[in-house]
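>>> here is my input, please return the structure:
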Amino acid sequence: MFRKILIANRGEIAVRIIRAAREMDIATVAVYSEADRESLHVKLADEAVCIGPPPSQQSYLNVSHIISACEIADVDAVHPGYGFLAENYRFAEACEASGFTFIGPPPKVIQQMGDKSAAKAAMRAAGVPVTPGSEGVVADVAEAQRFADEIGYPVLLKAREGGGGKGMRVVAEPAGLSSAFEMAAAEAQAAFGNGDLYLEKLIIDPRHIEVQLAGDAHGAVVHFWERDCSVQRRHQKLIEEAPSPALDEATRRMLGETATRGAREVGYRSLGTMEFLLDDEGQFYFMEMNTRLQVEHGVTEEVTGEDLVKLQIRLAQGEPLPKAQEEIRLAGHAIECRINAEDPAAGFRAAPGPVDYFYSPGGPGVRVDTHLYPGYSIPPHYDSLIAKIVTRGCDRNEAIARMRRALSELVVEGVATTAGFHQVVMADESFCRGVYNTGFLAAFLERAASSVAG
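Residues are numbered from 1 along each chain as shown. The predicted structure follows:
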């Protein structure tokens, strides 16, 4: 059992990890930038170490500062959370080289699955369906043109590394390929330090379905069923649910088995999520793998009864998976709304600042993961996520009804949030019927804008 772990992250995910570790009787060390000195994760941890100024590059992305904090605090292991360095194989290598267990997959697996072209090649070898496109990076615009002509437009240019929609461009026709290639490569270089791109066929308005996986050091891999993450704005997820209303039971089982086979092929260990696109004919295609704990892991926890953070820590200690696949069952339905400090009326512009008052919803079937408290000031330097509300019901209708209630109870005074936006989505007829895809939100916002203009 680990004696002490350092959480190389901030905000609600750092709070979540601290709570799991405390229940396991493991001491925790928080790291923080100067902007996060009063953050809740700093207050809750057993120890805290300042790792630099507010900019992420000088603090939460500064590998040497985090390793130094590990040495100062004399920890056994490092939990990266999500974002920042969570999928940086060099950081994982640095932890291991310094004698600290990295609570995540082996560095070589992070490297392989973080390289989207290498990941697709591995999935092809495992018999996992992949989206048609280049088998590796495209060298230049001319090579991209050849692939696009072969598979047909529209196509999607994507960065070899990274995610979150950066370095991604949709190209509808040949005339737009050259400029899109240059912009995507430049954005990828700026965001990830690597401007390499690959190209794939664009599947129009698919569902975005991801499978939660876990693998141990003994070769066993299981899945915890799927989540539907199709409600997105600019490739950023806003609402997630489990199970997906788009899948029948046969497709659900096939998807889980396929993802498990792919993870086993690469020797996956720790928690991870395999992401797929589902077209309107029910065919699914591998998109990418996230080699970390997901923001929306709580959705799966609510419908399986599993504590995924504790499981991830136990797997890092070398323990075997505690359950076989047939023992992992779905029960009920769960939905998550990400509450961001953003102003929907101003194009979802970030809205940092002091929180004058905060009231968290509760009651049956309501879970809130947050780092907010009255008097806390949301810094402008980081992601705008301030809370996640997860509701669980015996079925989807009850989960939606509880989400409506929870959103109506939530009070955040002092800053604008997306809570009101979520309330409108929860009343939308198409969403309530489960009839939506990745194009849903753009159409929803267009309808809302037309309604206001009319």
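>>> end to end on stretch 272-292, go ahead and measure it.
Distance across stretch 272-292, first residue to last, is 5 Å (CA to CA, to the nearest Å).
>>> just give me the longest strand of this protein.
strand 221-233 (DSSP state E).
>>> mind listing what's buried in the helix or strand Thr260 falls within?
For Thr260, the enclosing helix or strand under DSSP states H and E is helix 249-265. Residues of helix 249-265 classed as buried by neighbour count (16 or more other CB atoms under 10 Å): 251-252, 255-256, 258-260, 262-263, 265. Yep, even glycine has a C-beta here, placed from its N, CA and C like the rest.
>>> for the helix or strand hosting Arg367, name the packing helices and strands.
Per DSSP H and E, Arg367 falls inside strand 366-370. Counting contacts by 3 or more CB pairs under 8 Å, 6 or more residues apart in numbering; DSSP states H and E, strand 366-370 packs against helix 11-23, helix 297-304, strand 385-393, helix 396-409.
>>> can you list those in a markdown table and add distance to Glu173 and mean neighbour count?
Shown next, in a markdown table, are the helices and strands packed on strand 366-370 (distance: least, CB to CB, whole Å; neighbours: other CB atoms under 10 Å):
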| stretch | distance to Glu173 | mean neighbour count |
| --- | --- | --- |
| helix 11-23 | 41 | 22 |
| helix 297-304 | 38 | 24 |
| strand 385-393 | 36 | 24 |
| helix 396-409 | 39 | 19 |
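>>> excluding chain neighbours, what is closest to Thr258?
Val128 (5.5 Å; CB to CB, 6 or more residues apart in numbering).
>>> residue contacts, that neighbour?
258-259, 261-262, 286 (CB atoms under 8 Å, 6 or more residues apart in numbering).
>>> let me know the closest of these to Arg16.
Ala259 (23.9 Å; CB to CB).
>>> how much space between the closest one and Gln212?
According to CB to CB, to the nearest Å, Ala259 and Gln212 sit 9 Å apart.
>>> overlap in contacts, the two.
His223.
>>> Ala69 sits in which helix or strand?
According to DSSP H and E, Ala69 maps onto helix 63-73.
>>> give me the contacts around that helix.
Residues contacting helix 63-73 (CB under 8 Å, 6+ apart): 4, 6, 8, 29, 31, 47, 49, 51-52, 58-60, 78, 85, 88, 90-91, 94-95, 98, 100.
>>> now, of those residues, which are buried?
4, 6, 8, 29, 31, 47, 49, 51-52, 59-60, 78, 85, 88, 91, 94-95, 100.
>>> setting aside sequence neighbours, what's the nearest residue to Ala125?
Closest to Ala125 by CB to CB, 6+ apart is Glu265, at 6.4 Å.
>>> next up, the contacts around that neighbour.
122-123, 125-126 are the contacts of Glu265 under CB under 8 Å, 6+ apart.
>>> Arg404 too?
Here Arg404 is in contact with 423, 426-427 (criterion: CB under 8 Å, 6+ apart).
>>> ok, now Met289?
113, 119, 262-263, 272-275.
>>> derive a PyMOL selection command for the buried subset of these.
Applying 16+ other CB under 10 Å to those, the buried members can be selected in PyMOL as follows:
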select buried, resi 113+119+262+263+272+273+274+275
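>>> of the contacts of Met289, closest to Gln325?
Using CB to CB, Ala263 comes nearest to Gln325 of those, at 12.3 Å.
>>> pLDDT below threshold where in the stretch 301-450 of the chain?
Judged by pLDDT under 70, the stretch 301-450 of the chain has its weakly predicted residues at 449-450.
>>> could you pull out the helices in it for me?
308-316, 396-409, 419-426, 429-433, 440-453 (DSSP state H, counting those that start in this stretch).
>>> chain center to the shortest one, what's the gap?
The chain centroid and the centroid of helix 429-433 are separated by 24 Å under CA atoms, centre = their mean, to the nearest Å.
>>> what does it rub up against?
231, 397, 400, 425-426, 436, 440.
>>> got the domain ranges for the protein?
4-103, 132-201, 207-453 (automatic domain parsing).
>>> hmm, Gln317 is touching Met24, no?
No. Using CB atoms under 8 Å, Gln317 is not in contact with Met24, being 10.0 Å away.
>>> which residues are in contact with both of these two?
Common contacts of Gln317 and Met24, defined by CB under 8 Å, 6+ apart, comprise Met1.
>>> if we can go back for a sec, the helices of the stretch 301-450 of the chain: which one's closest to Ala139?
Per CB to CB, nearest to Ala139 of the helices of the stretch 301-450 of the chain: helix 440-453, 32.4 Å.
>>> and for the closest residue to Glu182 other than its chain neighbours, the neighbour number?
Closest residue to Glu182 apart from its sequence neighbours, by CB to CB, 6+ apart: Val141 at 7.8 Å. Neighbour count of Val141, defined by other CB atoms under 10 Å: 16.
>>> can you name the residues that contact Val141?
177-178, 181-182.
>>> now do the contacts for Glu34.
Neighbours of Glu34 in contact, by CB under 8 Å, 6+ apart: 50, 52-54, 59.
>>> ok so, going back, so which of the contacts of helix 63-73 sit within helices?
90-91, 94-95 (DSSP state H).
>>> verify the contact between Cys337 and Gln423 for me.
No. Counting by CB under 8 Å, Cys337 stays clear of Gln423, with 9.1 Å between them.
>>> who's more crowded, the two?
Using other CB under 10 Å, the more surrounded residue of Cys337 and Gln423 is Cys337, with 26 against 16.
>>> which residue is the nearest non-sequential neighbour of that one?
Per CB to CB, 6+ apart, closest to Cys337 is His422, 4.4 Å.
>>> ok, now how distant is Asp383 from Pro174?
Distance from Asp383 to Pro174, by CB to CB: 36 Å.
>>> likewise for Val435?
In terms of CB to CB, Val435 sits 33 Å off from Pro174.
>>> list the contacts of the closest residue in space to Leu308 that isn't next to it in sequence.
Take Leu308 and drop its neighbours on the chain: the residue closest to it by CB to CB, 6+ apart is His297, 4.9 Å away. Each residue near His297 by CB under 8 Å, 6+ apart is listed here: 212, 271, 308-309.
>>> please repeat the previous calculation with a cut-off of 10 Å.
Residues in contact with His297 (CB atoms under 10 Å, 6 or more residues apart in numbering) are 13, 16, 82, 212, 224, 227, 240, 271, 273, 306-309, 312, 336, 369, 388, 390.
>>> any idea how far His381 is from Ser33?
7 Å.
>>> and for the closest residue to Ser384 other than its chain neighbours, the neighbour number?
Nearest residue to Ser384, sequence neighbours excluded (CB to CB, 6+ apart): Asn340, at 4.3 Å. Look at Asn340: counted by other CB under 10 Å, it has 24 neighbours.
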